[in-house]
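Engineer: Fold the following for me, if possible:
(2 chains, ligands or ions: 3)
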Amino acid sequence: MEEFIGAWTARHGKSRDRLLPLLHAIQEEAGYVDDAIVPAIAQALNLSRADVHGVITFYHDFRRAAPGRHVVKLCRAESCQARGGAAIEEAAARRLGVPMGETRVDGQLSLEPVYCLGLCAIGPNALVDGRPVARVDAAALERIAAEVAA
Amino acid sequence: MTRVFISRDMASIALGADDVARAFVQAGCEVVRTGSRGLFSIEPLVEVETDEGRIGYGPVGPQDVAAVLDGTHGARLGRVDDLPFFAGQQRFTFARCGVIDPLSLADYAAHGGWRGLEKARGQSPQMVVDAVKASGLRGRGGAGFPTGIKWQTVLDASAATKFIVCNADEGDSGTFADRMLMEGDPFCLIEGMAIAAHAVGAGHGYIYIRSEYPFSIAAMRAAIDASAHIVAPFTLEVREGAGAYVCGEETALLDSIEGKRGQVRAKPPLPALQGLFGQPTVINNVLSLAAVPFILAEGAEAYAAVGFGRSRGTMPVQLAGNVKHGGLYEIGFGITLGELVNGIGGGTASGRPVRAVQVGGPLGAYFPPGMFHLPFDYEAFAQAGGLIGHAGITVFDDSVDMAHMARFAMEFCAAESCGKCTPCRIGSTRGVEIMDRIIAARVPAQSGAGGQIAPSRNGVLEKALYSRAPDRIDVSVEAQTRLLRDLADTMKYGSLCALGGFTPYPVLSALDHFPEDFGAPAPIKEAAE
Ligand SMILES: Cc1cc2nc3c(=O)[nH]c(=O)nc-3n(C[C@H](O)[C@H](O)[C@H](O)COP(=O)(O)O)c2cc1C
Ligand code: SF4
Ligand code: FES
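Structural biologist: Numbers count the residues shown, from 1 in each chain, chains lettered A, B, ... in the order given. Ligands and ions are numbered 1, 2, ... in the order given. As a prediction, this is how the structure comes out:
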């Protein structure tokens, strides 16, 4: 990971405002931002470790533990709730075998909350490994379950 | 070869537009991927180019190719522009969205693109600022601050470096206009930013887009590359957010671009004077900036001619939630809430009665149908105890539990608080607890409490160990409701920004308009005070 950080900063610079883009790049590469690489990030951008830790923990996007092989994000915001989102959230947790906000013990998938995907007239909505899915119902849940079983 | 038009908007793709497009390519058609027209009940929508214009079919699936191409498909809509949903609109900002290939410079120019920028460049910066002032344009991000006055402040500031920042954080549930514009007509936003740069003397701009919008990020990056030679020497870059709602607040957004925790800054200094990296900065919402090309090209009077009171021009209203014809409806201010929800939206998707609408996202008030006479206007909504915000309308049917929605508002505030001030950071958590007690207490038959609170005995909570609170807490609905109002008051007047300050809007409007959901006996309006 140190090499990755070195190569990234060589290309994109090491000013303070590079921190969020760098964290996004690390997460895209590794799936999460390990606490163990915080010192390397801090050193690369000439920041304190506390500063970097503070930024990582502030933003919901940055994970500090490896996610499952698949990530299902389900919208919990008002417009999706108005279209039966709460019931679908419960059904999804049951069908996929993992509570909201957690990674299944076998590491196969994570179920994560998201607050609005900008698809608010066609909810409840989900992102399945980054692919948007609208009008999630029981049948759609079956398709998602099959997809993430692979 | 038959030319067909299919949207590549994220919503259309979520409804299956990619599969449909693939099927038409396989059938030998030339497929042009556009933005979305903005009516989701007819998507995936296919428009076929014919001698009589573009004929729409929708919703269609990949199995419908043959029937669409021979014109026999049952979901034939005719010319999309003639559908009632579109015929009644005044599309100033979204004129091209859904019509053109979003990344085709030729299409953009052929449909009136860059005329505003050309005009602006032929004028002095002051003349451009004056035009924006004369248009009456107010910030579409929520606060409704006059855009021209903001630009004037930045123009008057003397500094070697100034910035244009576009706020594309669009975190409000029920809103998607920024997303649709960035995916359907990205050059329009770029043109607006280039005009702003000319008007205030800025050299570089940032577009801060929330990470939940990957399609917008890709579209804007591609559009920036494609149009770099046109807007030069002005330069632009996209910054990706990281899932923090509060980063939509302008000063938190600036801190986020600077690589910090997205915490709200105290004002003054105004961002217009000391904004990004301490330099004078124009920060505007996507829709504010995207309205500017029209204003320059068609004239400030043409824009200001439409509207209501001090709300001039058009608003791209977003109909969302449990609504039959959800989508984007751009119209002059002044249309009533009822016309929007029942007339254009067609009521609920579930077919049940409308019980409540939330206007303006998670910080906006809930209104009952009894208030549907309200005209869409900044002042009228403020007077009614609410706000227009980013013009998202979320419709709920009669199955909604308004106490749960009030609880959610507090929960959301607790999750998204930047942590700077106590009424917001701590008050929101206390608010969730109060709502849990109200929800547990409102049904007398329910013995014990809902999972979240300490076990109660005879309607009183045991004093927590080491607590300095009075020996016993009265957990009756009446006492907790009093406490809720008191807390809302503290949040409203003791918070630095609108996250903590406006969370009381959804909470108190739910309580005032739907007291029966809070265990109050009768919905008597006068008892609210
Ligand atoms: C908690 C919070 C969230 C906000 N989110 C957004 C947002 O997502 N998009 C936006 O344009 N403005 C948002 N705003 C308003 C901005 O602070 C600011 O008023 C706006 O960017 C100014 O641009 P405008 O004058 O063009 O509206 C938010 C404000 C607060 C307090
Ligand atoms: S009101 Fe909340 S979000 Fe706003 S500055 Fe205070 S703590 Fe931060
Ligand atoms: S509320 Fe779920 S997509 Fe907007």
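Engineer: name the element whichever residue of the stretch 301-450 of chain B sits closest to ligand 2 belongs to?
Structural biologist: Proximity of the stretch 301-450 of chain B to ligand 2 (C-beta to the nearest ligand atom) peaks at residue B:424, 2.9 Å away. Every residue, glycine included, has its C-beta placed from N, CA and C. For residue B:424, the element it lies in under DSSP states H and E is helix B:422-425.
Engineer: Which other helices and strands does the helix or strand following that helix contact?
Structural biologist: Toward the C-terminal end, the helix or strand that comes next after helix B:422-425 (DSSP H and E) is helix B:427-441. Under the contact definition 3 or more C-beta pairs under 8 Å, 6 or more residues apart in numbering or on different chains; DSSP states H and E, helix B:427-441 sits against helix B:402-416, helix B:477-494.
Engineer: Point out the most buried one among these.
Structural biologist: Each of the helices and strands packed on helix B:427-441 was assessed for mean neighbour count using mean count of other C-beta atoms under 10 Å in any protein chain shown. The highest is helix B:402-416, with a mean of 23.
Engineer: so does it get close to chain A?
Structural biologist: Yes: for helix B:402-416 and chain A, the contact criterion (C-beta under 8 Å from any C-beta of the partner chain) is met by B:405, B:408, B:412, B:416.
Engineer: tell me, which of those residues make contact with ligand 3?
Structural biologist: With the criterion set as C-beta under 6 Å from any ligand atom, no member of those is near ligand 3.
Engineer: of those, closest to ligand 1?
Structural biologist: residue B:416 (7.4 Å).
Engineer: what residues are up against that closest one?
Structural biologist: Contacts here follow C-beta atoms under 8 Å, 6 or more residues apart in numbering or on different chains; on that basis residue B:416 touches A:115, B:244-246, B:499.
Engineer: in terms of contact, does residue A:61 touch residue B:214 like I think?
Structural biologist: No: the pair residue A:61 / residue B:214 is not scored as a contact, 12.0 Å apart, by C-beta atoms under 8 Å.
Engineer: Could you chop the chain up by domain?
Structural biologist: This is for chain A. The record's domain split for chain A, according to automatic domain parsing, is A:2-58, A:70-149.
Engineer: look at chain B instead
Structural biologist: Using automatic domain parsing, chain B is parsed into the domains B:3-87, B:105-304, B:314-397, B:402-518.
Engineer: Do the third one and ligand 2 come into contact?
Structural biologist: No: Domain B:314-397 does not reach ligand 2 (C-beta under 6 Å from any ligand atom); its nearest approach is 10.6 Å.
Engineer: Which residue comes closest to residue B:501 once chain neighbours are left out?
Structural biologist: Among residues not flanking residue B:501 along the chain, residue B:495 sits closest, at 4.1 Å (C-beta to C-beta, 6 or more residues apart in numbering or on different chains).
Engineer: From the centroid of chain A, which residue is nearest?
Structural biologist: Centroid-nearest residue in chain A: residue A:61, 5.4 Å away (criterion: C-alpha atoms, centre = their mean).
Engineer: Could you list the low-confidence segments of the chain?
Structural biologist: Unless you meant another one, I'm taking chain A. Scanning chain A for pLDDT under 70 picks out nothing.
Engineer: actually chain B
Structural biologist: Within chain B, the segments meeting pLDDT under 70 span B:444-472, B:521-529.
Engineer: re earlier: list phi and psi for the closest residue to the residue of the stretch 301-450 of chain B closest to ligand 2 other than its chain neighbours.
Structural biologist: In space, residue B:424 comes closest to residue B:500 once its chain neighbours are excluded; the distance is 2.6 Å by C-beta to C-beta, 6+ apart. Backbone geometry at residue B:500, expressed as degrees, to the nearest 10, gives phi -70, psi -30.
Engineer: just the one 4 residues further on next, same as before
Structural biologist: For residue B:504, the backbone dihedrals are phi -60, psi -20 (criterion: degrees, to the nearest 10).
Engineer: Measure how buried it is and give me the count.
Structural biologist: Residues lying near residue B:504 (other C-beta atoms under 10 Å in any protein chain shown) number 29.
Engineer: Who are the contact partners of it?
Structural biologist: For residue B:504, the contact set (C-beta under 8 Å, 6+ apart) comprises B:488-489, B:491-492.
Engineer: how much space between the residue in the stretch 251-400 of chain B that ligand 2 sits nearest to and residue B:429?
Structural biologist: In the stretch 251-400 of chain B, the residue that lies nearest ligand 2 is residue B:264 (3.5 Å; C-beta to the nearest ligand atom). Going from residue B:264 to residue B:429 by C-beta to C-beta, to the nearest Å gives 18 Å.
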